[in-house]
Structures are given as structure tokens and as C-alpha cells.
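Visitor: Below is the structure, and that's it, no one-letter string:
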């Protein structure tokens, strides 16, 4: 039985919004060992952390440049 369809051949409900690239990525992650998967998750965590730092920096910059003014009521 594939991850994409049930035993009667109908697609799983969770696959409806996935395209081929998404399914390929799922298959790639599914073929990793536990250690490789943990390493991949750590990489994703590091990237997310860096993006958060960059966003915080840009928000602070916008604040000091007075770009993010609120409308006064």
C-alpha cells in the first residue's frame, strides 16, 4: 500500500493539497534513517531561527525609520 492511496486505490484525504514536489519530498524524508531525519530537522530549525533573527532586525529597522506608523484615531 502506498502512502498516497488506500488499499482500494483511492487517494488519502491528506494528499489532496500536495503536488508532485511535495510528494517527492515526503518520499525523500521517508527514506532517511532516524539520525539523518534528526539532522534534517536540526537544519530546518537553524534556518527558521536565522529567518526569525533577520525578521526581527528588519522590524526594528522599520520602527527606527518610522515606516511602521500606526494610524492615529
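Guide: Arrived safely. Every value quoted in this text rests on a predicted model; they were computed, and no experiment measured them.
Visitor: domains of this protein?
Guide: Structural domains assigned to the chain are 1-31, 33-73, following automatic domain parsing.
Visitor: Put together a markdown table for those domains, with mean pLDDT and mean neighbour count on each row.
Guide: Bear in mind the C-beta positions are built from the backbone N, C-alpha and C, glycine included. What follows is the domains of the chain, written out as a markdown table (pLDDT from 0 to 100; neighbours: other Cβ atoms under 10 Å):
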| stretch | mean pLDDT | mean neighbour count |
| --- | --- | --- |
| domain 1-31 | 79 | 10 |
| domain 33-73 | 90 | 9 |
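Visitor: Next one: residue 32 from residue 45, what distance?
Guide: Going from residue 32 to residue 45 by Cβ to Cβ, to the nearest Å gives 16 Å.
Visitor: ignore the last one, residue 60
Guide: Computed as Cβ to Cβ, the residue 60 to residue 45 distance reads 23 Å.
Visitor: Equivalent analysis for residue 20, please.
Guide: Per Cβ to Cβ, residue 20 is found 26 Å from residue 45.
Visitor: so residue 32 touches residue 41, yeah?
Guide: No. Assessed by Cβ atoms under 8 Å, residue 32 is found out of contact with residue 41, at 10.1 Å.
Visitor: what's the longest helix in this structure?
Guide: Assignment by DSSP state H gives helix 34-64 as the longest helix of the chain.
Visitor: Any idea which residue is closest to the centre of this structure?
Guide: Using Cα atoms, centre = their mean, the residue of the chain that lies closest to the mean C-alpha position is residue 44, 8.1 Å off.
Visitor: Look up how far residue 36 lies from that residue.
Guide: In terms of Cβ to Cβ, residue 44 sits 13 Å off from residue 36.
Visitor: again with residue 12
Guide: 25 Å.
Visitor: what do you get for residue 47?
Guide: From residue 47 across to residue 36, the span is 17 Å (Cβ to Cβ).
Visitor: Quick check: phi and psi at residue 33.
Guide: phi -80, psi 170 (degrees, to the nearest 10).
Visitor: before we move on, what about residue 32?
Guide: Backbone torsions of residue 32, given as degrees, to the nearest 10, read phi -80, psi 150.
Visitor: show me the contacts for it.
Guide: residue 40 (Cβ atoms under 8 Å, 6 or more residues apart in numbering).
Visitor: Lovely, talk soon.
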